[in-house]
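>>> structure for the following, please:
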Amino acid sequence: MKPQVLLLRLRDVEGLVKHSCLATAPIIYHAVAGEKHLYFCYDARGGALIICYVVSDKAVKGKYLAYNTFEDRVFPADETSTDARIKYIPVIEVEYQNLIPEELVE
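Coordinates of the predicted model:
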């Protein structure tokens, strides 16, 4: 049986970071699609593959997207720290992807 694939387009990178914190493997992928920046993460739940994504005009700077759970603040970072209040999610640069159809990146 083929797993169901669900695509969720989120409003902003902040929502993507918060969702990624709940994923089994908290990683955010970045791909360039034309002049747009595509950020996405995925998780498998209940037999379904859930792919959350955001389309942005601007690239996010930093090797990590960090979420300060105490202040409810998301920010880019190039290094991690030992501060337990901050979750660091690596941003992986993608050369090619076929998970999210090009027509959805507008």
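>>> leaving out sequence neighbours, find the closest residue to Pro76.
Spatial nearest neighbour of Pro76, chain neighbours left out: Gly62 (3.0 Å); criterion: Cβ to Cβ, 6 or more residues apart in numbering. For the C-beta atoms, the positions are set from N, CA and C on the backbone; glycine is no exception.
>>> that neighbour should be in a helix, yeah?
No: with DSSP: H, G, I helix; E, B strand; the rest coil as the criterion, Gly62 is coil rather than part of a helix.
>>> what's the neighbour count on it?
For Gly62, the neighbour count with other Cβ atoms under 10 Å is 15.
>>> that one touches Asp78, doesn't it?
Yes: counting by Cβ atoms under 8 Å, Gly62 touches Asp78, with 5.4 Å between them.
>>> residues contacting Lys36?
Lys36 sits next to Val55, Ser56, Asp57, Val105, Glu106 when contact means Cβ atoms under 8 Å, 6 or more residues apart in numbering.
>>> and it, what are its bridge partners?
Beta-bridge pairing of Lys36 under DSSP bridges involves Ala33.
>>> quick one: pLDDT of it?
Looking at Lys36, its pLDDT stands at 95.
>>> for Asp57, see how far away it is.
According to Cβ to Cβ, to the nearest Å, Lys36 and Asp57 sit 7 Å apart.
>>> same question for Asp72.
24 Å.
>>> what do you get for Tyr42?
23 Å.
>>> same thing with Glu102?
Going from Glu102 to Asp57 by Cβ to Cβ gives 16 Å.
>>> with Pro26 instead?
Going from Pro26 to Asp57 by Cβ to Cβ gives 25 Å.
>>> so for these two, which sits in the more crowded spot?
Ranked by neighbour count (other Cβ under 10 Å), Pro26 and Asp57 place Pro26 first, with 18 against 7.
>>> so where does that one fall, helix or strand?
According to DSSP states H and E, Pro26 maps onto no helix or strand at all.
>>> does it touch Ile92 like I think?
No: the criterion here is Cβ under 8 Å, and Pro26 misses it with Ile92 at 11.3 Å.
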